[in-house]
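> have a look at this prediction, sequence included:
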Amino acid sequence: MFRTIEWLDDNTVRLVDQTKLPLKVEFIETSSHERIAESIRTMEIRGAPAIGAAAAMGMALAALESNARTKDDLLDYLEKAAETLNTRPTAVNLTWATTRMLKVARETEGSPSAIVERLIAEAKEIAEEDVQMCRRIGENALSLIRPGFTIQTICNAGSLATVHLGTVGGVVRVAHERYGDIKVYAAETRPRQQGARLTVFEFMEDGIDTTLITDGMIGTVFREGRVDCCVVGADRILKTGHVINKIGTYTMAITAHYHGIPFYVAAPTSTVDMVTELEDVVIEERSPDEVRIINGEYITVPDAKVYNPAFDITPPELVTAIITDRGVIEAPTEEKMRSIFS
């Protein structure tokens, strides 16, 4: 798979427009941090690690745009850019990246141009860190994934949700590299169909045996014994082990628990939030038309009332293990989380 987002030699950013997949592969190239913010808001780029890298590159673009003559002017511009880029409230990687870039800007000595160069380097480093973390997640998962396994996924936590390789994608791809016979069942993932549009697309591109199902088929698939485990991504993991991920994840976890199917969460360190309390997590609620409309056509009464939370929360007692770049946390608890991430 191609890289989801990258910094080009002419100091522009190129990202794949995920709203066009799988029917078209189109790229967006920009030198504007506001255009990056728009891409995050409209989900032209999505997936917690990917939007973290996008936000970092957006901050570097803002530094270039600022033409600041003093460090204070540059910092003022960057603080406003961070507010612009923080367009989605649930995925922690977004604010993690803008906060990290602001910290680097504040701590770097020298002229504004020197700080700009340092920020460009930091944005590139964040992207490379993501690639390496995904590889380690996949390698750490080998203790759980056996030859011949069929893995149930939801949404897209593959290459397209990261800079490259993926979190769930890392688990699947590394196991497939090792064993050669890994299969995937991909849940469609309404309302934006990231499983159908993105996960199926990228795994089929890599020659991985993938079967698409609707969200409502998960219980039947589990009852019929078609999958060996679930592997899902995360947009935020709290110190308590609560997992915030794409809507439908909680339902899958309950169903897996009932059927005795291991439920694994794959996520990088940047997705772990050891500060926010459960009651303070903001669940993004998106446009009602995401539910009312498919492919530009209404599928229901145009003014039907809609509840459209983008994410749900899975409690730790339903999580068999969290697979991170730092190791595997089985039956997660706050004590176990702190032992690795504090």
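Structure received.

> surely V272 is in contact with D325?
No - the criterion here is C-beta atoms under 8 Å, and V272 misses it with D325 at 10.1 Å. Where C-beta positions appear, they are placed from N, C-alpha and C, glycine not excepted.

> in whichever strand or helix holds R338, which residues are buried?
Element membership for R338 (DSSP states H and E) is helix 334-341. For helix 334-341, a neighbour-count test (16 or more other C-beta atoms under 10 Å) marks 337, 340 as buried.

> now do stretch 219-234
221-222, 227-234.

> and for stretch 19-28?
Applying 16+ other C-beta under 10 Å to stretch 19-28 flags 21, 28 as buried.

> what's next to that stretch, contact-wise?
With contact meaning C-beta atoms under 8 Å, 6 or more residues apart in numbering, stretch 19-28 is reached by 14-17, 35, 39, 42-44, 160, 197-198, 200-201.

> neighbour-wise, which one of the residues you listed leads?
Most neighbours among the contacts of stretch 19-28, by other C-beta atoms under 10 Å: L160, with 28 neighbours.

> on that earlier part again, quick one: list the elements packing against the helix holding R338.
strand 327-330 (3 or more C-beta pairs under 8 Å, 6 or more residues apart in numbering; DSSP states H and E).

> partner strands of the strand it packs on, with direction?
strand 321-324 (antiparallel) (DSSP bridges).

> need the overlap of contacts for V272 and D325.
Joint contacts of V272 and D325 (C-beta under 8 Å, 6+ apart) do not exist.

> quick one: which of the contacts of stretch 19-28 is nearest to I247?
M43 (13.7 Å; C-beta to C-beta).

> am I right that the closest one falls within a helix?
No - secondary structure of M43 (DSSP: H, G, I helix; E, B strand; the rest coil): coil, not part of a helix.

> just checking, it touches R192?
Yes - M43 sits in contact with R192 when judged by C-beta under 8 Å, with a separation of 6.9 Å.

> the buried residues of stretch 219-234 in helices, which ones?
221-222 (DSSP state H).

> how about the buried residues of stretch 219-234 in JSON lines, adding pLDDT and distance to R146?
Listed next are these as JSON lines, based on pLDDT from 0 to 100; distance: C-beta to C-beta, whole Å:
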{"residue": "V221", "pLDDT": "98", "distance to R146": "19"}
{"residue": "F222", "pLDDT": "98", "distance to R146": "18"}
{"residue": "V227", "pLDDT": "98", "distance to R146": "13"}
{"residue": "D228", "pLDDT": "98", "distance to R146": "7"}
{"residue": "C229", "pLDDT": "98", "distance to R146": "9"}
{"residue": "C230", "pLDDT": "98", "distance to R146": "15"}
{"residue": "V231", "pLDDT": "98", "distance to R146": "13"}
{"residue": "V232", "pLDDT": "98", "distance to R146": "18"}
{"residue": "G233", "pLDDT": "97", "distance to R146": "21"}
{"residue": "A234", "pLDDT": "97", "distance to R146": "23"}
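
> where do the helices sit along the stretch 51-200 of the chain?
For the stretch 51-200 of the chain, the helices defined by DSSP state H, counting those that start in this stretch cover 71-85, 92-107, 112-140, 168-179, 194, 200-205.

> how far out from the middle of the chain is the longest one?
Per C-alpha atoms, centre = their mean, to the nearest Å, the displacement of helix 112-140 from the mean C-alpha position of its chain is 16 Å.

> show me what contacts A81?
Going by C-beta under 8 Å, 6+ apart, the list of residues near A81 reads 33, 58-59, 62, 98.

> just L142 next, same as before
Contacts of L142 were listed using C-beta under 8 Å, 6+ apart, and they are 174-175, 178.

> excluding chain neighbours, what is closest to the residue of the chain positioned farthest from its centre?
Relative to the centre of the chain, the most outlying C-alpha is that of R69, 36.0 Å out, by C-alpha atoms, centre = their mean. Leaving aside its chain neighbours, R69 sits nearest to P112 (6.5 Å; criterion: C-beta to C-beta, 6 or more residues apart in numbering).

> next one: I254
L318 (6.5 Å).

> I figured the one you found hits V265, correct?
No - contact criterion C-beta under 8 Å: L318 and V265 do not qualify, at 10.0 Å.

> in terms of neighbours, single out the busier of these two.
More neighbours surround V265 than the other of L318 and V265, with 30 against 19 (other C-beta under 10 Å).
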